[in-house]
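Novice: Take this sequence and fold it.
(one chain, ligands or ions: 2)
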Amino acid sequence: MAQRQTAATSARRRQLGFTRCLSTCASGTEVNVQRSATTLNASGGHDDLLADVRLRGPLSAELRMRLIGDPIPLPDLRSLAHSVAAAADSTLTDEDVQLSLWIMYELHYRGFSDVADRWEWHSDLVAATDELEVIFEQDLRALVAPKLPGPPVPPAEVPTALAELVRDDDSPSMSKHLARHGTHVQYAEFLAHRSIYHLKEADPHTWGIPRMIGAAKAGLMEIQSDEYGGGRPDWMHSALFATSMRGLGLDDSYGHYLNEVPAITLAWANTMTFFGLHRRLRGAIAGHLAALEMTSSVPNRRYGNGLRRLGFDVDTTRFFDEHVEADAVHEQIAAHDLAGQLAISEPRLVGDILFGAAAALATDGQMITELLSAWARGSSLLHSGAPAPPAGTARIGSVELVPSLPA
Ligand SMILES: [Fe+2]
Ligand SMILES: [Fe+2]
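Specialist: Ligands and ions are numbered 1, 2, ... in the order given. Reported below is the predicted structural model:
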């Protein structure tokens with residue numbers, strides 16, 4: 001413990017001292033800037049202003065226009081939400097649906113500085129959210145139906161069924177690609193996508209805590225305590241992730257890459273918020289977390305090794321290194337103490353536990369598939385693109401990456 005605190009303290013000092021510059025300073029320069037994940041934004045991105053969000057269709061446009069004003073009745077919002085969702089081939093890949101859900105959900109997290117807090121539970125907004133969620137849930141269930149076991153699973157066999165879902169997942173491996181072949185630019189793009197969730201890591205699953213009792217609740221709390229740093233703010237996994245982003249030359253401001261990522265990235269993150277915010281889906285949020293934990297330890301070892309291959313330092317790899325050991329334990333707690341005990345105490349939730357796990361695997365798999373496909377084409381999934389960098393420098397979206405690090 002003492003050793004860990006010493007490392008954390010020195011890492012924190014480094015974070016608050018010299019930080020490498022982004023696009024606003026001379027090449028190779030280091031500047032003494034005190035950075036905050038919530039207040040600095042080197043390239044003028046999203047920050048926490050809804051007014052800065054790039055619109056993706058009629059519903060997100062309506063939300064941005066209305067929510068910046070005072071709360072007033074919006075009687076037509078529900079029908080607009082329904083028509084937009086119903087017209088989508090799949091809500092998982094519909095830009096307007098996913099951005100609108102992300103905006104609505106964000107009101108339950110940190111909100112926007114230009115949106116009144118009272119919008120969070122505005123009845124017309126809740127009704128419109130429900131219209132999106134009905135079809136979003138249908139699409140999620142259709143996506144994972146072929147993956148789920150046919151016969152009913154006895155509650156005592158839920159940990160085994162979860163392990164089989166993970167074992168049978170045939171999604172491509174991002175960690176194998178990055179460990180062996182990943183470039184600085186690819187790592188940076190990967191973390192830009194992941195930042196949509198990892199800068200609030202663990203928060204979606206925390207909604208499940210008051211909705212469980214007994215052993216399942218204790219298991220979830222044990223995991224979440226580690227995710228939130230066990231009382232040490234600089235060891236919160238979201239903080240470790242922000243440090244890795246900065247190490248890669250990215251902007252770690254909350255939501256900075258919202259305007260860059262596509263619908264599937266938002267769908268991956270929105271899925272967990274959807275599960276977490278609904279008590280009826282407490283089985284799904286437990287299964288979702290179990291799948292995350294059961295697919296974390298080995299891939300994170302690979303991610304860290306790939307960064308070391310590229311020459312990045314221990315501050316940049318710490319997020320991944322921390323998950324190697326932590327999630328080797330978490331996966332057991334999640335499968336047995338959380339999901340397994342929830343199934344035993346509430347057998348009718350077994351189906352949703354497996355649904356949540358399968359949805360976690362499927363949405364992550366779809367995002368990874370699209371990302372690897374884009375890279376294979378020499379392209380990027382980011383809105384602004386990540387053009388091939390000239391020698392010695394690199395850009396990702398609107399951010400110039402650290403020139404002195406290996407590309
Ligand atoms: Fe974590
Ligand atoms: Fe974990």
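Novice: Relative to ligand 1, which residue of the stretch 151-300 of the chain is the closest?
Specialist: When Cβ to the ion is the measure, the stretch 151-300 of the chain has its nearest residue to ligand 1 at residue 237, with 3.6 Å between them. Using the backbone N, CA and C atoms, a C-beta is placed for each residue, glycine as well.
Novice: Leaving out chain neighbours, which residue sits closest to whatever residue of the stretch 301-407 of the chain ends up closest to ligand 2?
Specialist: Each residue of the stretch 301-407 of the chain has a distance to ligand 2, by Cβ to the ion, and the smallest belongs to residue 330, at 3.8 Å. The spatial neighbour of residue 330 that comes closest, neighbours along the chain excluded (Cβ to Cβ, 6 or more residues apart in numbering), is residue 293 at 4.2 Å.
Novice: can you pull the pLDDT of the one you found?
Specialist: We have a pLDDT of 97 for residue 293.
Novice: check contacts around it.
Specialist: For residue 293, the contacting residues are 223, 327, 330, 331, 333, 334, 335, taking Cβ atoms under 8 Å, 6 or more residues apart in numbering as the criterion.
Novice: The nearest residue to residue 228 once chain neighbours are set aside: what's it in contact with?
Specialist: Spatial nearest neighbour of residue 228, chain neighbours left out: residue 236 (5.3 Å); criterion: Cβ to Cβ, 6+ apart. Listed by Cβ under 8 Å, 6+ apart, the contact set of residue 236 reads 201, 227, 228, 229.
Novice: Would you format those as TSV with neighbour count, pLDDT and secondary structure included?
Specialist: Compiled in TSV, these are given as follows (neighbours: other Cβ atoms under 10 Å; pLDDT from 0 to 100; DSSP: H, G, I helix; E, B strand; the rest coil):
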residue	neighbour count	pLDDT	secondary structure
201	21	98	coil
227	21	97	helix
228	19	98	coil
229	18	97	helix
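Novice: just the residues you listed that are near ligand 2?
Specialist: The residues of the contacts of residue 236 that also fall near ligand 2, by Cβ under 5 Å from the ion, amount to none at all.
Novice: Pick out the residue of the stretch 251-400 of the chain closest to ligand 1.
Specialist: Among the residues of the stretch 251-400 of the chain, residue 323 lies closest to ligand 1, at 5.6 Å counting by Cβ to the ion.
Novice: Residue 296 is in contact with that residue, correct?
Specialist: Yes: in terms of Cβ atoms under 8 Å, residue 323 counts as a neighbour of residue 296; the distance is 5.4 Å.
Novice: do you know how far the residue lying closest to residue 88 once chain neighbours are set aside is from residue 362?
Specialist: For residue 88, the nearest residue in space outside its immediate sequence neighbours is residue 94; the separation is 3.7 Å by Cβ to Cβ, 6+ apart. Computed as Cβ to Cβ, to the nearest Å, the residue 94 to residue 362 distance reads 16 Å.
Novice: Look at the two and report which has more neighbours.
Specialist: More crowded of residue 94 and residue 362, by other Cβ atoms under 10 Å: residue 94, with 27 against 22.
Novice: Got phi/psi on the more buried one?
Specialist: In this entry, residue 94 is assigned phi and psi values of phi -90, psi 120 (degrees, to the nearest 10).
Novice: residues in contact with it?
Specialist: When contacts are taken as Cβ under 8 Å, 6+ apart, residue 94 is in contact with 57, 84, 85, 88, 263.
Novice: Can you tell me the SS state at the second one?
Specialist: Right, the one you point to is residue 84. With DSSP: H, G, I helix; E, B strand; the rest coil as the basis, residue 84 sits in helix.
Novice: close enough to count as contact, it and residue 99?
Specialist: No: between residue 84 and residue 99 no contact is recorded; they are 10.7 Å apart, counting by Cβ under 8 Å.
Novice: Now for these two: what residues contact both?
Specialist: Contact with both residue 84 and residue 99 is made by residues residue 57, according to Cβ under 8 Å, 6+ apart.
Novice: Compare these two and say which one has the larger neighbour count.
Specialist: Taking neighbours as other Cβ under 10 Å, residue 84 and residue 99 compare with residue 99 leading, 27 against 23.
Novice: Would you mind giving the secondary structure of the nearest residue in space to residue 369 that is not next to it in sequence?
Specialist: Distances taken as Cβ to Cβ, 6+ apart place residue 172 nearest to residue 369, at 5.8 Å, with adjacent residues excluded. Using three-state DSSP as the criterion, the local structure at residue 172 reads coil.
Novice: so where do the helices sit in the stretch 51-200 of the chain?
Specialist: Remark: helices assigned in the stretch 51-200 of the chain by DSSP state H, counting those that start in this stretch are 58-67, 77-87, 95-106, 123-144, 158-168, 174-181, 184-198.
Novice: Same question for the stretch 301-407 of the chain.
Specialist: Going by DSSP H, counting those that start in this stretch, the stretch 301-407 of the chain shows helices at 314-332, 341-345, 350-376.
Novice: and those helices as TSV, adding mean pLDDT?
Specialist: Listed next are the helices of the stretch 301-407 of the chain as TSV, based on pLDDT from 0 to 100:
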stretch	mean pLDDT
helix 314-332	96
helix 341-345	98
helix 350-376	98
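Novice: Reformat those helices as CSV; add distance to residue 153.
Specialist: Putting those into CSV (distance: least, Cβ to Cβ, whole Å) gives the following:
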stretch, distance to residue 153
helix 314-332, 19
helix 341-345, 8
helix 350-376, 6
